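**Q** 3D model of this:
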Amino acid sequence: MEFLRSRLARRKTKRSRKNAEEYREKTVKRREKMDRMHELIKINRQNRKEIQKISHDMNPKLGRAVHTYHKLLDTLDNYIESSNNGLNRMLLADDVVDLSPGDHLYVQRPGFTHHGLYMKESLILHYHMGLVKITGWEEFSEGSPIHKKAEEDSPSSYLGEEIIKRALSRYGENQYNLVFNNCEHFVRWARNG
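**A** Numbering: from 1, shown residues only. A predicted model of the protein is given here:
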């Protein structure tokens, strides 16, 4: 009887090692696929405005569909980066020292990333609790480090004051939607249209 128990225990150990190895392999493959998707989304981001303009010129409905598709890509990219706990972004992020009005700021939260626009004197304009509002550093960060997005990750078509003017035009808006109109979409719209 003891012999059978030890044999069963060895089989379970072999199976659990095999399962652990398979799980690690799947995790590595999943991470590689997510990294590849992130790279493709970044490449696509550089040409978005032109793609949207061409598609809108062809057909306004197509232009709106392309715009919605780009918002979905932003949401997917946010999930991909957050699933890695934001570690890579935090290590590569610019330090928040030289800030100008209109800079794209973000904080890493458990499971998602929160985005906002730097205004001046430590004031940040962002979607907060479903409303576009102005808050201070503490309320924006909720204790997390604040980072500045690199220009290549968040291109701007407008000067800082114009970015703030555009964003303020939506002050008080309560049209938050996790997929189609979230804090990142708001910031990217203000910076790049």
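**Q** Only C-alpha atoms from now on, for both contacts and neighbour counts.
**A** Noted.
**Q** give me the element the residue nearest the centre of the chain is part of.
**A** Geometric centre of the chain, nearest residue: residue 78, 2.7 Å, by C-alpha atoms, centre = their mean. Using DSSP states H and E, residue 78 sits within helix 60-83.
**Q** quick one: that helix to chain centroid distance?
**A** Its chain's C-alpha centre and that of helix 60-83 lie 11 Å apart, by C-alpha atoms, centre = their mean, to the nearest Å.
**Q** And for stretch 58-76?
**A** That offset, for stretch 58-76, works out to 17 Å (C-alpha atoms, centre = their mean).
**Q** Show me where this structure has its strands.
**A** Along the chain, counting by DSSP state E, strands occupy 104-109, 112-118, 123-128, 131-136, 146-148.
**Q** Distance to residue 170, mean neighbour count and mean pLDDT added to those strands, as JSON lines?
**A** JSON lines is the format used below for those (distance: least, C-alpha to C-alpha, whole Å; neighbours: other C-alpha atoms under 10 Å; pLDDT from 0 to 100):
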{"stretch": "strand 104-109", "distance to residue 170": "16", "mean neighbour count": "22", "mean pLDDT": "91"}
{"stretch": "strand 112-118", "distance to residue 170": "13", "mean neighbour count": "24", "mean pLDDT": "94"}
{"stretch": "strand 123-128", "distance to residue 170": "10", "mean neighbour count": "24", "mean pLDDT": "93"}
{"stretch": "strand 131-136", "distance to residue 170": "7", "mean neighbour count": "18", "mean pLDDT": "94"}
{"stretch": "strand 146-148", "distance to residue 170": "22", "mean neighbour count": "22", "mean pLDDT": "90"}
